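*Asks:* give me a model of this one.
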Amino acid sequence: IKLIVLGFFLFILYSLGSALYYMMKDGTSSRRMLKALTMRIGASIALFIFLLFCFWMGWIRPDGSF
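*Replies:* This is a model prediction of the structure:
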């Protein structure tokens, strides 16, 4: 579970960084920044749903132990 959460966080940070890069380097007609931010929001929502599912299944507890 820890590796999955870490993977989500790394993907979210990568997507945020690529959106920053596209914002600085691309022209105004490019939609790559919008796509990167949309993927970041989707990954954040998926991570939240995954954590809720893990809590519901009893795989994680509120005190932080697995």
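*Asks:* report the distance from the host helix or strand of Leu6 to the chain centre.
*Replies:* Using DSSP states H and E, Leu6 sits in helix 2-25. Computed by Cα atoms, centre = their mean, to the nearest Å, the separation of helix 2-25 from the middle of its chain amounts to 7 Å.
*Asks:* that helix - contacts with which helices or strands?
*Replies:* helix 32-57 (3 or more Cβ pairs under 8 Å, 6 or more residues apart in numbering; DSSP states H and E). Heads up, the C-betas are built off the backbone N, CA and C, glycines and all.
*Asks:* helices and strands around the helix it packs on, which ones?
*Replies:* Checking 3+ Cβ pairs under 8 Å, 6+ apart, helix 32-57 ends up next to helix 2-25.
*Asks:* any low-confidence regions in the protein?
*Replies:* When residues are selected by pLDDT under 70, those of the chain lie in 29, 64-66.
*Asks:* picking that back up, check which residues of the helix holding Leu6 are buried.
*Replies:* Phe8, Phe11, Ile12, Ser15, Ser18, Ala19, Tyr22 (16 or more other Cβ atoms under 10 Å).
*Asks:* distance to Ile60 for these - can I get that in CSV?
*Replies:* Below are the buried residues of helix 2-25 laid out as CSV (distance: Cβ to Cβ, whole Å):
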residue, distance to Ile60
Phe8, 14
Phe11, 20
Ile12, 19
Ser15, 24
Ser18, 30
Ala19, 30
Tyr22, 35
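*Asks:* list just the nearest of those residues to Ser30.
*Replies:* Tyr22 (6.4 Å; Cβ to Cβ).
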